[in-house]
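Engineer: Have a look; sequence and predicted model below, questions after that.
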Amino acid sequence: MHSLSRPAAATVLAVALTAVGLGPAASPAAAATIPAGSGSYTDTRPAGASGPTTNTGAPVTPKLTAAAKDKPVPTNDWWSSLAYQRYGDNPYSTPMYGHPLTYQATSGGLEVGYPTTPAIVGEGRQYEYAHKADLTVGLNGLNSPDTKADDWSDWTVTPYWSDGTRTLRTTIGHGMPFVYAKGSGGDARITTAATPAVFADNGNVLGITVAGHHYALFAPTGSDWNVSGTAITAGLGGKDYFSLAVLPSTDALATYRKYAFSFVTGSKVAWESTGGTVRATYTLTTEAKEGTERGTIQALYRHQWLHTTDALTPYTYVSPRGTMKVRESASFTTSQKNQGVLPALPASTGVDKARLTGYLNEVANASDPFSGAADTYWTGKALGRLAQLVPVADQIGQTGIRDKLLGLMKGRLQEWFTAGGASEFSYDKDWKTLTGYPASYGSDTELNDHHFHYSYYVYAAAIVAQYDQAWAADSAWGTMVKTLVRDTANPSRTDTAYPFLRGFDVYAGHSWASGHQGFAAGNNQESSSESVNLSAGLVLWGAATGDTGLRDLGSYLLTTESEAITQYWFDADQQVFPGSFGHDTVGMVWGSGAAYSTWWTANPEEIHGINVLPVTGGSLHLAREKAAVKRNLAEMRRENGGPAVEWRDLLWEFESLADPAAAKAKWDADNAGYTPEQGESKAHTYHWITTLDSLGAPDMTISGSIPTSAVFTRNGVRTYAAHNYDSTARTVTFSDGATLSVPARSAATGTGSGGGDPDPEEPGPSTGNTFRLKSGGVLTTATDGAAGADTLASADGVNRDGTPYRPTVYEIRKVDGTLAAGASTAFRLRVDAGTKVGLAPQVRVSYDLTGDGTFDRTETFRYFATDPVAGWEEYTQAVGAVAVTGSLGNLRGGTVRLEIWNALGNGTSQVQTGTDAAVVKIPFA
């Protein structure tokens, strides 16, 4: 998000401040200039500069209770309007989107809604599930002059009301169907937007339906809810608590009732990044107000339930992020492949070194390499542009150009990292934030976009650190870099000077950009790619300086946000955007939905490009869903009335992540007469496109054992790449079994096994068209090996017909074959559900004809209803296909994949492996 118009925008590891070396946690001393190694910043704004203000320009301080006044408030959150009064006539809040519930504070308490029907607005360019109150949670007579933030944790917050006689606190959060209330001075009161229909009345437990949505109200045992029109009240009988929950259906009341008095008191994520995998555990802490129950219910977003093996209930909720699935537990864990980051794409034979040198000199010898940049954003963009070229120059032996660029970057960074000049950073003790001046796009007056702006500084500093460790030492300039990190992505919850992860919403899976969240549509983020730029910078800075805590934080943030971008910005699975929304991608995500737009233009090139820039070694994650990239660019061309013009270089680079040859053809035809996007250069674009054309697109199905590694695939040949920042050589192991030896403080590449043992999961050239399923996810022509069985995950009581759900996957790569006329896919599988009733496995066979990561043909077969009698049953292609997409052609280094999952039922089943009754036959010679 750009809050004003502008053209760009764990066991699990518990991270403590000292563990990541971010320095002392104390607030800055009361001095005009605060030393930070060789650098410094001020505690006073420059003359004429502004800090946070209301919309009328009046200074504003955080709206907090006495209990919270010394805590660093996390601006840029889904609920920030509770603490930041942007509008003078609204001392409560703007709508807050917790999902599945929405909220808005008023004088009488907390409005609660559950929007389930999207509206398409803005001439079809935006979809939203706007907040509309179904009811208000309060106390009889409550009339508070304001609402303040009283407490908060990683994804929950507690608003506070007081009118002198009555006080109310409610705890709300992401993924929480419950609202937990504590009040004094009056009876509990629920005011509904329309006369409710009562579907259950059990004294202190009342089930009501309002506007088609079902709610359960819970008062202390011994209390009784009284309904009078739209007013529902209950005496608390000397207690101070009550709660409510939105129910997925009326028959869920008994389940939800178990947890009505298990009040959530906090939320915490813990993460670890090891061996190419990022794991995160999300935990709610609770206290029992009655009885001993300490469990609770959580609703998981799509980006979470796609990556958990924890049990889920059949219950679901509607949200702007697609279906949310319900877990009956206080915690869950996700696991994802680490999305690797490289300081630069690896060396390749496709690059003409002389031509690249010419392009590099154009930048290095420019009269003003910073293009007049003065504020934090545009200076950052210029630093980022230079930073991309340093390792490229080094790669082709142009050490003179490399060092000149490094000198330019150091000089400009040091100017900003030193107080007293035309550009400096200033600490705001009220808001506990660090702001750069000159500021831009509301980074000062609205606390917008700090993670966007500072991402470039951290990334540039990481590149400097790669070549000059002394410069990056804490005693030199490293402390200032870490201070910017503390402001934007602080991993500490005990730092009294800066909040925990200011802009990154750990449950939503992405960052927010507005400091105040003062919009009817909630908070928003436009340039998700600039948020990822910060995460990539953390990976590289942490690796270059030996700070594994920051490195692994970066991996967690990048890997998590990557999936959120894939689902919520690009709708890669086409399961999130409403069917009535006529776009395949969005430029901005809002709390209430998303929009095909930017803050400054309706130009399709910028709408599509704003979530691509800057293109760096941290952009490789975008290659994971190649079909979505192609669909994205096809829409851009339709909306644009032709190919890209203004941001053609960015969009060529984006295309090269899915189809390098097509991108290279565009470059070859049109590289002379264009002006690079302001954060780009012809040197970087040429190197990027020609390298990927030589090595192939990133293969995100494989991860390396260190975060600074990646794999590229072209015509079935894999190139393994890694950068070793350690002072000793190391061997990087990839998830396909390949190994790569990397010298100290160097980059290395290798093809095939990368110098290690051959990949045990990839047989040599196929000698037939019949493949056995082998435990471990392998399809093989080998007929030796023991028989076995793999477990098929439960469908969790939901109909999964046609859509793979936690499938068991078998795959073979590097397959060559000629399409056989008249032949078709055949399979013979043995499945067994034991004595479980109502299960039905389903198969999908997919063909990637060229091994480029995009499946050209998918064939989904009808499910097979198993019987509840123990013993193998045979499932074959004779059931018929239910859906076929794409076309078949010859296989050239291709990939064949078989997925099998339970489409129906609530239990696991088995599929046999390693026998002649566990085979798939493909229609190729």
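Structural biologist: Happy to help now that I have it.
Engineer: Can you pull the phi/psi pair for A49?
Structural biologist: In this entry, A49 is assigned phi and psi values of phi -90, psi 160 (degrees, to the nearest 10).
Engineer: For it, give me its contacts.
Structural biologist: Shown in contact with A49 (Cβ atoms under 8 Å, 6 or more residues apart in numbering): S426, Y437, A439, D444. (Glycine included, C-beta is placed from N, CA and C.)
Engineer: you'd agree the first one is up against I34?
Structural biologist: Spelled out, that is S426. No - in this structure, S426 is not within contact of I34 by Cβ atoms under 8 Å, at 9.8 Å.
Engineer: list residues touching both of the two?
Structural biologist: Between them, S426 and I34 share the neighbouring residues Y41, T42, D43, with contact defined by Cβ under 8 Å, 6+ apart.
Engineer: now those in TSV, with distance to S492?
Structural biologist: Formatted as TSV, these follow (distance: Cβ to Cβ, whole Å):
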residue	distance to S492
Y41	19
T42	23
D43	20
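Engineer: ok, longest helix in the chain?
Structural biologist: helix 376-395 (DSSP state H).
Engineer: What is the subsequent helix or strand relative to that one?
Structural biologist: Helices and strands here follow DSSP states H and E; after helix 376-395, the next one along the chain is helix 399-416.
Engineer: any idea of the mean pLDDT in the very next helix or strand once past that next one?
Structural biologist: The C-terminal neighbour of helix 399-416 among helices and strands, as given by DSSP H and E, is strand 424-428. For strand 424-428, the per-residue pLDDT values average out at 98.
Engineer: shift numbering so it begins at 45
Structural biologist: With the count now opening at 45, the last piece we talked about shows up as strand 468-472.
Engineer: Report all helices and strands that strand 468-472 contacts.
Structural biologist: Other elements packing on strand 468-472 under the criterion 3 or more Cβ pairs under 8 Å, 6 or more residues apart in numbering; DSSP states H and E are strand 83-86, strand 477-481, helix 523-533.
Engineer: Extract the CA atoms of it and return them as PDB.
Structural biologist: Coordinates of the C-alpha atoms in strand 468-472 are reproduced here as PDB (Å, rounded to 0.1, in the frame of the first residue of the first chain):
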ATOM      1  CA  GLU A 468      18.700  12.000   8.900                       C
ATOM      2  CA  PHE A 469      16.600   9.700  11.100                       C
ATOM      3  CA  SER A 470      14.600  10.900  14.100                       C
ATOM      4  CA  TYR A 471      13.100   8.900  17.000                       C
ATOM      5  CA  ASP A 472       9.600   9.700  18.200                       C
END
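Engineer: orientation of that strand relative to helix 420-439 in degrees?
Structural biologist: Strand 468-472 and helix 420-439 are oriented at 130 degrees to each other (axes from the mean of the first three to the mean of the last three Cα atoms, to 10 degrees).
Engineer: between strand 468-472 and helix 443-460, how big is the angle?
Structural biologist: Interaxial angle of strand 468-472 relative to helix 443-460 (the same axes, to 10 degrees): 40 degrees.
Engineer: What lies in contact with strand 468-472?
Structural biologist: Residues outside strand 468-472 that contact it (Cβ under 8 Å, 6+ apart) are 72, 78, 85-90, 93, 95-96, 460-463, 477-481, 524, 527-528, 541.
Engineer: ranges for the strands of the stretch 45-194 of the chain?
Structural biologist: If you assign secondary structure with DSSP state E, counting those that start in this stretch, the strands in the stretch 45-194 of the chain sit at 77-80, 83-86, 140-141, 146-150, 153-157, 163-165, 170-172, 179-183, 191-196.
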